[in-house]
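# With the input below, show me the fold.
(one chain, ligands or ions: 1)
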Amino acid sequence: MDKSKLIDEIISLKKEKKALILAHLYQSDDIQMMADYTGDSLELSRIAKESDEQVIVFCGVRFMAETAKILAPEKKIVFPVLDAKCDMARMVDVNQVNALKNEYPGAAVVCYVNSTSEVKAVSDYCCTSANAVTLVENIEENEIIFVPDKNLGAYVARNVPEKTFHFVRGFCPVHHALSIRDVESMREKYPGIRILAHPECKMEVLDAVDFVGSTSKILAEARNSSDQKLIIATEEGTLYRLKKESPQKEFILLTDELVCRDMKKIGLNHLRDALKNLEPLIEVDEETSQKARLALERMLQYS
Ligand code: SF4
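Numbers count the residues shown, from 1 in each chain. Okay, the predicted model is just below:
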């Protein structure tokens, strides 16, 4: 079916079903174009919880749709492609977290939102990359078990040096793959151009760039900067919003490899089918949901 016909169908089904479409900033341009709101995990979690619509079609990866369901259990959360998962979220399980809790009984578990609902349920706090530093600075515990992203954890630890941290070995394969050599070769190719990077990158990369921030902070920095050309070290879907917000500026990806395959699994046909059938629906069991909600509600208190 041609694209314009698919788009028309989506617009009319969205109206008919009174659905809200949320899309993460790493989704394809086509999906972001169809969304009512695009945003990072923190922004989308807030919208899912506070919106009036009772049907939300969530375009992102599975943990995001589960987060929306936990925060808004009365709403229908439709997730177009069930096997769009996050590789990082799969790197830590409940047993690993419980083992660390036994080893460090006085520590608070701070869990990056890129994790399974089960891991959130055994955590004290959730955070996103946008609020991880602020949250850890403000909680009363001085010993932190940070899961699953050791790179984001190291970045938080550097910014909150007065606290003690314990990590697991999780990482985002997309950001973790970037190297100091990638930064150096772009510096040679584009001398004087600032590089903005996501804190899921390794510390050696963060040390070599000009600005470190979550996707929403990279967007704000690019918007407010007087630079007309910037190099971006985060997932390529971000370019859609960057170009939309600053069409006169030029954005260059640090490497062509900055693509999350799971984030690209949802196509317009999946979105159309999800709206038409209002499925697949996301469900999270009541016990897990109740426990994880506590940690997620704490996440929403910090911006
Ligand atoms: S970009 Fe990385 S952290 Fe984000 S969904 Fe993909 S694998 Fe997970």
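
# Leu281 contacts Val78, correct?
Yes: using C-beta atoms under 8 Å, Leu281 is in contact with Val78, at 6.0 Å. From N, CA and C alone the C-beta is placed, and that goes for glycine too.

# Just want to know which of those two has more residues nearby.
Taking other C-beta atoms under 10 Å, Leu281 and Val78 do not tie; Val78 has more neighbours (24 against 15).

# What residues are bridge-paired with the more buried one?
Val57, Leu281 (DSSP bridges).

# Contact partners for it?
By C-beta atoms under 8 Å, 6 or more residues apart in numbering, the residues touching Val78 are 19, 55-58, 274-275, 278-282.

# What of Thr38?
Per C-beta under 8 Å, 6+ apart, neighbours of Thr38: 22-25, 27, 32, 240-241.

# Wasn't it part of a helix?
No: counting by DSSP: H, G, I helix; E, B strand; the rest coil, Thr38 is not part of a helix but strand.

# Please list all residues in contact with Arg62.
79, 82-86, 89, 282.

# now, which of the contacts of Val78 sits nearest Leu44?
Nearest to Leu44 among the contacts of Val78, counting by C-beta to C-beta, is Phe58 at 7.6 Å.

# What is the neighbour count of that closest one?
Neighbours around Phe58, by other C-beta under 10 Å: 27.

# Now it. Nearest residue, chain neighbours left out?
Ala65 (4.2 Å; C-beta to C-beta, 6 or more residues apart in numbering).

# how about Lys243, secondary structure?
Relying on three-state DSSP, one would call Lys243 helix.

# where does Leu196 fall, helix, sheet strand or coil?
Quick answer, by three-state DSSP: Leu196 is strand.

# what about it, distance to Lys150?
Distance from Leu196 to Lys150, counting by C-beta to C-beta, to the nearest Å: 21 Å.

# In terms of packing, which of these two has more residues around it?
Remark: of Leu196 and Lys150, Leu196 carries more neighbours, 25 against 22, as counted by other C-beta under 10 Å.

# one step back: give the contact list for the residue nearest to Phe58.
Ala65 is in contact with 58, 77, 79, 282, counting by C-beta under 8 Å, 6+ apart.

# And for Lys291?
Contacts of Lys291 (C-beta under 8 Å, 6+ apart): 120-122.

# Tell me the one of the contacts of Arg62 nearest the ligand?
Of all the contacts of Arg62, Cys86 has the smallest distance to the ligand: 3.2 Å, by C-beta to the nearest ligand atom.
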